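Asker: starting from these lines, generate the structure:
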Amino acid sequence: MSKQNPRTLFKGGTIISMDSNVPDFPAGDVLVECDRIVAVAPAIQADDAWIIDATGSIVMPGLVDAHHHMWLGLMRRMMPDVDDLFAYIDVVAETLGTHYRPLDMFTSTKLSALASLDAGITTVIDACHSSRSPAHTDAALDALEDSGIRALHMVGAAMDKQASSTHLPGDLRRLAGNWNRGDSLVRVGLFGQLNLDWWKVARELDMRILTEFIGDLARLGPEFDGQLGPHNIFNHCTRVPEETWERLADAGINVTVNPRSDALFGFDDEGFAWQKAVDHGLTPALGIDLDTAFGSDLFGEMHALFGQQRSAMRYRRFRGETDVPDPISVYAVLRAATVNGARAAGLESEIGSLTPGKQADIVMIRTDDIAVFPVGNAIGTVVQAVERANVDTVMVAGTIRKRSGKLVYVDPAKLAAEADASRQYLLEASGYRPELFAARIKAAA
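Answerer: Numbers count the residues shown, from 1 in each chain. Next up, the predicted model:
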């Protein structure tokens with residue numbers, strides 16, 4: 001495919017550029033050369049290019065999943081109704097996570113990465129709070145590289161009491177040397193929580209730093225003021241005091257929110273973290289967070305963000321508040337899933353929009369499905385109507401990863417067998433027995 005021809009032309013598609021300086025086109029072309037976008041225009045002549053017929057399709061930037069625990073892929077939907085954070089930790093960390101081998105880390109991470117590509121996600125910030133050893137970290141990084149996704153893997157201490165974190169943060173220097181090269185699709189950062197000593201090591205290595213932050217469960221002490229900056233990613237940011245919001249905004253940190261899991265665990269309140277971030281001049285991005293309840297589908301997060309923001313703001317209006325923020329637009333939602341995610345990952349100059357000179361991370365979405373056509377509004381169609389089944393083609397850095405609705409370079413049967421073997425090992429080692437119909441049993445009780 002594109003590996004056989006350095007030039008690829010997406011021809012005749014509806015173009016959503018997500019760049020204010022690059023027009024959208026009802027019908028237009030995108031020319032890719034090697035790993036870069038070289039032109040976006042109504043019509044491009046490129047006789048030597050491999051042509052992808054985009055007629056009847058939307059061509060847009062790849063989606064960016066700005067927060068995902070990729071190592072949980074083997075635990076898909078084991079806890080769909082959980083609303084207790086500590087009950088969740090008891091299962092995923094203390095019961096199952098403690099038995100993870102590097103092989104299980106590889107299999108789970110690769111499963112999550114390939115499912116992400118299948119859903120049009122070309123970049124993920126992998127929040128790994130299970131970096132049990134250097135070997136576990138290496139396995140996760142190898143899986144990401146093997147999948148072909150673009151990723152920022154955030155190395156963090158495992159949550160269970162059996163794990164040791166003595167290799168951290170010392171292992172960061174080795175990892176930075178191996179992975180944080182200019183041409184690497186997979187890079188490494190620190191899942192540092194509020195460990196100031198670890199932060200300082202990461203900053204010496206020019207790494208991004210991720211912190212899970214729920215305002216009434218964590219406190220940002222004054223000692224962090226000189227350490228905050230655009231290299232920081234704060235996830236959730238729910239129930240955060242106004243004074244802390246001002247400090248985060250003054251520092252220009254990045255905010256990521258997970259609409260479905262924030263609602264699942266009851267993290268958020270009527271303040272609504274996404275809106276709080278926007279009100280303070282920040283640009284929040286979207287993350288999926290959990291496979292234990294959801295899966296690698298950013299369309300679901302876009303649906304949730306749109307509905308939740310409008311519900312929260314209308315509730316404030318009905319309550320009689322004045323100066324309530326405007327209802328969210330589908331364009332703002334799509335920015336959260338593309339441009340804002342790229343910024344959170346530190347890649348805004350490389351991805352997030354169809355801009356000539358940027359990396360060719362491109363998604364083509366079919367609009368001929370009976371649930372999608374006719375397309376009355378292109379952005380509204382992506383945000384409100386499209387599903388992973390409509391994702392026809394996915395390109396990462398100029399390489400096709402999905403074509404004609406199917407992942408390429410992937411053996412689904414082999415992957416399923418590997419996932420089943422790892423899952424069975426974890427269940428046997430832990431003694432944990434997930435209940436296939438637990439939700440029905442609970443409802444009937």
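Asker: buried residues, the longest helix along the chain. List them.
Answerer: For the chain, the helix with the greatest residue count under DSSP state H is helix 298-318. The neighbour-count check on helix 298-318 (16 or more other C-beta atoms under 10 Å) flags 298-306, 308-309, 312-313, 316 as buried. Glycine gets a C-beta too; all of them are placed from N, C-alpha and C.
Asker: which one of those residues sits closest to residue 271?
Answerer: residue 312 (8.2 Å; C-beta to C-beta).
Asker: nearest the geometric middle of the chain, what residue?
Answerer: residue 65 (1.5 Å; C-alpha atoms, centre = their mean).
Asker: let me know the secondary structure of it.
Answerer: strand (DSSP: H, G, I helix; E, B strand; the rest coil).
Asker: dump whatever helix or strand residue 392 lives in to PDB, restricted to CA.
Answerer: Assigned by DSSP states H and E, residue 392 falls within strand 391-396. Extracted C-alpha coordinates of strand 391-396, given in PDB (Å, rounded to 0.1, in the frame of the first residue of the first chain):
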ATOM      1  CA  VAL A 391     -14.100   4.000   9.700                       C
ATOM      2  CA  ASP A 392     -12.800   2.800   6.400                       C
ATOM      3  CA  THR A 393      -9.200   3.900   6.300                       C
ATOM      4  CA  VAL A 394      -6.600   4.800   9.000                       C
ATOM      5  CA  MET A 395      -3.200   6.200   8.200                       C
ATOM      6  CA  VAL A 396      -0.500   6.800  10.800                       C
END
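Asker: that strand versus helix 298-318: what angle between them?
Answerer: Here strand 391-396 runs at an angle of 100 degrees relative to helix 298-318 (axes from the mean of the first three to the mean of the last three C-alpha atoms, to 10 degrees).
Asker: so what strands line up beside strand 391-396?
Answerer: Paired strands of strand 391-396, with direction, are strand 362-366 (antiparallel), strand 399-403 (antiparallel) (DSSP bridges).
Asker: show me what counts as buried in the strand or helix carrying residue 428.
Answerer: For residue 428, the enclosing helix or strand under DSSP H and E is helix 412-430. Judged by neighbour count (16+ other C-beta under 10 Å), helix 412-430 contains these buried residues: 415, 418-419, 422-423, 425-427.
Asker: now stretch 325-334
Answerer: 328, 330, 332-334.
Asker: from the chain's centroid, how far away is it?
Answerer: Taking C-alpha atoms, centre = their mean, to the nearest Å, the mean C-alpha location of stretch 325-334 is offset from the chain mean by 19 Å.
Asker: ditto for stretch 149-163
Answerer: On C-alpha atoms, centre = their mean, the centre of stretch 149-163 falls 15 Å from that of its chain.
Asker: please apply the same query to stretch 336-350.
Answerer: Centroid separation for stretch 336-350 versus its chain: 10 Å, with C-alpha atoms, centre = their mean.
Asker: let me see the ranges of the helices in this protein.
Answerer: 85-89, 102-118, 134-147, 171-179, 196-204, 242-251, 259-264, 273-279, 298-318, 330-336, 339-344, 378-384, 412-430, 438-444.
Asker: just how off-centre is the longest one within its chain?
Answerer: Per C-alpha atoms, centre = their mean, the displacement of helix 298-318 from the mean C-alpha position of its chain is 19 Å.
Asker: hmm, who's touching it?
Answerer: 63, 65, 119-121, 257-260, 263, 270, 272, 274-275, 286-288, 294, 324-328, 330, 333-334, 336-337, 383-384, 386-388 (C-beta atoms under 8 Å, 6 or more residues apart in numbering).
Asker: right, so of the helices of the chain, which gets closest to residue 95?
Answerer: helix 412-430 (5.1 Å).
Asker: what is the closest one packed up against?
Answerer: helix 102-118 (3 or more C-beta pairs under 8 Å, 6 or more residues apart in numbering; DSSP states H and E).
Asker: got the angle between the helix it packs on and helix 134-147?
Answerer: Computed by the same axes, to 10 degrees, the angle between helix 102-118 and helix 134-147 is 30 degrees.
Asker: okay, the closest residue to residue 397 other than its chain neighbours and residue 120: tell me how far apart.
Answerer: Leaving out its chain neighbours, the residue that sits closest to residue 397 by C-beta to C-beta, 6 or more residues apart in numbering is residue 35, at 4.2 Å. Going from residue 35 to residue 120 by C-beta to C-beta, to the nearest Å gives 18 Å.
Asker: one more: residue 184?
Answerer: Per C-beta to C-beta, residue 184 is found 22 Å from residue 120.
Asker: more neighbours, those two?
Answerer: More neighbours surround residue 120 than the other of residue 184 and residue 120, with 30 against 14 (other C-beta atoms under 10 Å).
Asker: who are the contact partners of the more buried one?
Answerer: 62-63, 298, 363, 365, 388, 391, 394.
Asker: let's see 10 Å
Answerer: 60-63, 65, 296-299, 337, 362-365, 382, 386-388, 390-394, 402 (C-beta atoms under 10 Å, 6 or more residues apart in numbering).
Asker: tally of neighbours for the nearest residue to residue 357 once chain neighbours are set aside?
Answerer: Closest residue in space to residue 357, ignoring its immediate chain neighbours: residue 36 at 6.5 Å, by C-beta to C-beta, 6+ apart. Residues within reach of residue 36, counting by other C-beta under 10 Å, total 15.
Asker: what bridges to residue 36?
Answerer: Residue 36 has these beta-bridge partners by DSSP bridges: residue 33, residue 359.
Asker: from memory residue 38 sits against residue 357, does it?
Answerer: Yes - with contacts counted by C-beta atoms under 10 Å, residue 38 reaches residue 357, the gap being 7.8 Å.
Asker: what about those two, which has more around it?
Answerer: More neighbours surround residue 38 than the other of residue 38 and residue 357, with 15 against 9 (other C-beta under 10 Å).
Asker: pLDDT value on the residue nearest to that one when sequence neighbours are not counted, please?
Answerer: The spatially closest residue to residue 38, leaving aside those adjacent along the chain, is residue 31, at 5.1 Å (C-beta to C-beta, 6+ apart). Residue 31 is assigned a predicted lDDT (pLDDT) of 98.
Asker: same thing with residue 400?
Answerer: So residue 400 comes in at 97 (pLDDT).
Asker: correct me if wrong: it contacts residue 52.
Answerer: Yes - at 8.6 Å, residue 400 counts as touching residue 52 under the criterion of C-beta under 10 Å.
Asker: could you check how far the residue nearest to residue 362 when sequence neighbours are not counted is from residue 120?
Answerer: In space, and not counting its chain neighbours, residue 362 is closest to residue 395: 4.4 Å by C-beta to C-beta, 6+ apart. Going from residue 395 to residue 120 by C-beta to C-beta gives 11 Å.
Asker: between the two, which contacts overlap?
Answerer: Common contact partners of residue 395 and residue 120 (C-beta under 10 Å, 6+ apart): 62, 362-364, 402.
Asker: show me what contacts residue 40?
Answerer: With contact set as C-beta under 10 Å, 6+ apart, residue 40 has these partners: 10, 15, 17, 19, 22-25, 28-31, 59, 353-356.
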